[in-house]
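Engineer: here's a sequence, model it:
(2 chains)
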Amino acid sequence: MATSREIITSRVARFFKPGDVVNLGIGMPELVGNYIADGVLLHTENGLLGYGPRPGPGQESDDFVGAGKQYVTVVKGAACFDSATSFAIVRGGHLAATVLGALQVDEKGNLANWTMPGKLVGMGGAMDLVTGARKVIVCSEHTTKDGSPKILKNCNLPLTGAGVVDVIVTELCILDVTEDGLVVREIAPGITPQDLQAKTEATLTFPDDMAIMDVSPQAAAQCAG
Amino acid sequence: MVNKLFRRDEIIKKFADGQRIMIGGFATKGVPDTLIDALVESGVKNLTVISNDSGDPDVGQGKLVRSRQAVKYVCSHVGMNPEAGALGISGEMDVELCPQGTLAERIRCGGAGLGGVLTKTGVGTVMEKSARKLELDGESYLLATPLRADIALVKAKKADTFGNLLYHGTSRNFNPLVAMAADLVIVEAEEIVPVGTIDPDYVMTPGVFVHMILAKDGE
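Structural biologist: The predicted structure follows:
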């Protein structure tokens, strides 16, 4: 049985094709990197386009890290640059997509993922990423740890971006954000529309061509392969 | 050619209470740790620090948080330093948050003689409370105003004695930006080489921006 995180991140990876330039946010989105196809270039906002998996023991360098401080390798054709150039890539529309986690996301495509009451953390590059990437993919467990909905009619936490989200991928479904609200593109096997709606505050639309989501461990493994 | 090598004690004399200090680096990497140690040793107070983040607790820029020398911090996040977050919430340190790409452009503007740039980042968010919103050709933008500092602390991989700089890998980050945006720019480099040994085509920060380079022992 694949875990929720494996289901979500392996499915997100299948959105990308060779040649796409993608930025993966810190946390669960980083795991998408385990499944992406050869030829997808990963961008990290601290100044590297074309990073790969963690190097082997003894090969780590403090001069090659991701935005989450994790050690990375570089792929052939990689480039390093300063932070202004890095965000020119982000805001200038040169990223095919960014993948980010969510505290809350709503049916208008609003995303809240940078702060909550009583916390002082900061937005880092998230506001730039949701503004500039050509596609914003939210990857998140469908509900909070206590089972409350995260996919809402209206976010009530401070926004990272307004009307910026294109796709939401959870362990239960894939949702397209449209002008008419959230449309269920895929649903996990064994989940009924009623089940899914019950775990979601936003109103969902279930189109006739809704597909069954492939959540098998094999699917995740094939992605990685 | 001017020789910009200085001893540590000569550099420490440049620090003073109330200064605005810009620091290169990103999440404890590419950080001028030796110069930060010198700033801590100087004991100067009431500093405003401008940097991407506040390092880790008592690591990198986090040393200026631990020492309480930083009374104001301008950055994109304090997420790896809970001590900075706690001081910000209690009000002991004033934390001004700015989206990372906007912060980079504000520093670049400060160094490039520009009055600001317009960005769509932050439109529709709380950033509208702290930045002017402008409409241009039907699009909404926030005005990112320039940032400058009294002193910038820069970490380079290699410097020649005139201050031409090379950086390595992801340790470049904010370093070339802060190197343009302060009245006094101080560099620490892993390697210092004679003028003329760096190919001009590969210089990342031209020496014109640099005023002082921390000499290696014995130089």
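
Engineer: the chain: strands as residue ranges?
Structural biologist: Picking chain A for this. A:21-24, A:41-44, A:48-52, A:73-80, A:97-100, A:104-106, A:111-112, A:136-139, A:151-152, A:167-169, A:173-178, A:181-187, A:204-205, A:211-212 (DSSP state E).

Engineer: actually chain B
Structural biologist: B:5-6, B:20-23, B:47-50, B:70-75, B:94-97, B:117-119, B:133-136, B:139-144, B:149-160, B:165-166, B:182-193, B:212-214.

Engineer: pairing partners for the fourth one, with directions?
Structural biologist: I take that to be strand B:70-75. strand B:47-50 (parallel), strand B:94-97 (parallel) (DSSP bridges).

Engineer: which residue is nearest the middle of chain A?
Structural biologist: A:Val99 (2.5 Å; CA atoms, centre = their mean).

Engineer: who does that one form a beta bridge with?
Structural biologist: In beta-bridge terms (that is, DSSP bridges), A:Val99 pairs with A:Leu24, A:Ile137.

Engineer: do I have it right that it meets A:Ile26?
Structural biologist: No - counting by CB atoms under 8 Å, A:Val99 stays clear of A:Ile26, with 10.7 Å between them. Heads up, the C-betas are built off the backbone N, CA and C, glycines and all.

Engineer: what residue of chain A is the furthest out?
Structural biologist: Chain A, farthest from centre, CA atoms, centre = their mean: A:Gly58 at 30.4 Å.

Engineer: that one and chain B, how far apart?
Structural biologist: 17 Å (CB to the nearest CB, to the nearest Å).

Engineer: mind checking pLDDT for that residue?
Structural biologist: pLDDT for A:Gly58: 97.

Engineer: before we move on, what about A:Ile26?
Structural biologist: With respect to pLDDT, A:Ile26 scores 91.

Engineer: helices of chain A, residue ranges please.
Structural biologist: A:4-13, A:83-91, A:126-132, A:193-198, A:217-224 (DSSP state H).

Engineer: tell me the buried residues in the first one?
Structural biologist: It stands for helix A:4-13. Buried residues in helix A:4-13, counted by 16 or more other CB atoms under 10 Å in any protein chain shown: A:6-13.

Engineer: any idea how far the closest residue to A:Val21 other than its chain neighbours is from B:Ala189?
Structural biologist: Closest residue in space to A:Val21, ignoring its immediate chain neighbours: A:Leu41 at 4.8 Å, by CB to CB, 6 or more residues apart in numbering or on different chains. Distance of A:Leu41 to B:Ala189, computed by CB to CB, to the nearest Å: 30 Å.

Engineer: show me which of the two is the more surrounded one.
Structural biologist: Counted by other CB atoms under 10 Å in any protein chain shown, A:Leu41 and B:Ala189 do not tie: B:Ala189 has more neighbours, with 23 against 20.

Engineer: for chain A, see how far away the more buried one is.
Structural biologist: 13 Å.

Engineer: just grab the bridge partners of the spatially closest residue to that residue that is not a sequence neighbour for me.
Structural biologist: Leaving aside its chain neighbours, B:Ala189 sits nearest to B:Ala159 (3.7 Å; criterion: CB to CB, 6+ apart). For B:Ala159, the beta-bridge partners under DSSP bridges are B:Leu165, B:Ile192.

Engineer: what's the pLDDT at residue 122?
Structural biologist: Picking chain A for this. The model's pLDDT for A:Gly122 equals 96.

Engineer: I was thinking of chain B, sorry if that wasn't clear
Structural biologist: 98.

Engineer: ok, the one 10 residues further on next?
Structural biologist: Looking at B:Arg132, its pLDDT is 98.

Engineer: is it true that A:Asp38 touches A:Pro18?
Structural biologist: Yes - with contact defined as CB under 8 Å, A:Asp38 reaches A:Pro18; the gap is 6.5 Å.

Engineer: tally of neighbours for residue 141?
Structural biologist: I went with chain A, as the question did not name one. Neighbours around A:Glu141, by other CB under 10 Å: 16.

Engineer: actually chain B
Structural biologist: Using other CB under 10 Å, B:Tyr141 is surrounded by 18 other residues.

Engineer: so what's the residue count around the closest residue to it other than its chain neighbours?
Structural biologist: Nearest residue to B:Tyr141, sequence neighbours excluded (CB to CB, 6+ apart): B:Leu118, at 3.7 Å. If you count neighbours by other CB under 10 Å, B:Leu118 ends up with 15.

Engineer: now do B:Glu128
Structural biologist: If you count neighbours by other CB under 10 Å, B:Glu128 ends up with 13.

Engineer: pretty sure B:Ile186 is touching B:Ala156, no?
Structural biologist: No - applying CB under 8 Å as the test, B:Ile186 and B:Ala156 come out as separate, 11.0 Å apart.
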